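# pasting the sequence and the predicted coordinates here, then a few questions.
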Amino acid sequence: MNKCLNCCASLAFLLATSAVWAQPLDKEAREDIARHRAMAAAHEAAAKCLESGKKDAVCEKELQAACKGLAIGKYCGMKHEH
């Protein structure tokens, strides 16, 4: 029983201290997170496009359209070797 109380007390302490350390996100951070999620969705769509058998050039154009205004460069913030 004593171990259970110690465990509960430790958990309560951890929850209390983590709440103190957690800072609310400012507007800029929330916007950055939204951009990353949008880029991730565009990359997932590009992967599905390639899986469907479409040519790389077609999928790349779709990726560029989906990422317009989100990331730097024509590869939606990501460039790798093909």
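Structure received.
# number of residues surrounding the residue nearest to Q64 when sequence neighbours are not counted?
Counting by Cβ to Cβ, 6 or more residues apart in numbering, K74 is the residue found nearest to Q64 once chain neighbours are left out, at 5.5 Å. Just so you know, the C-beta spots here come from the backbone N, C-alpha and C atoms, and that holds for glycine as well. K74 has 12 neighbours, counted by other Cβ atoms under 10 Å.
# give me the neighbour count for L63.
The number of residues packed near L63 is 23, by other Cβ under 10 Å.
# which strand or helix spans it?
In this assignment (DSSP states H and E), L63 forms part of helix 56-67.
# I'd assumed A42 was in contact with L70.
Yes - between L70 and A42 there is a contact under Cβ atoms under 8 Å: 7.2 Å.
# find the residues that touch each one of those two.
Common contact partners of L70 and A42 (Cβ atoms under 8 Å, 6 or more residues apart in numbering): C76.
# these two - which one has more neighbours?
Shown here are L70 and A42; by other Cβ under 10 Å, A42 has more neighbours (22 against 15).
# just the buried positions in the helix or strand encompassing that one, please.
Here A42, judged by DSSP H and E, is contained in helix 27-51. Judged by neighbour count using 16 or more other Cβ atoms under 10 Å, the buried positions of helix 27-51 are A38, M39, A42, H43, A46, C49.
# apart from its chain neighbours, what residue comes closest to C59?
Distances taken as Cβ to Cβ, 6+ apart place C49 nearest to C59, at 3.8 Å, with adjacent residues excluded.
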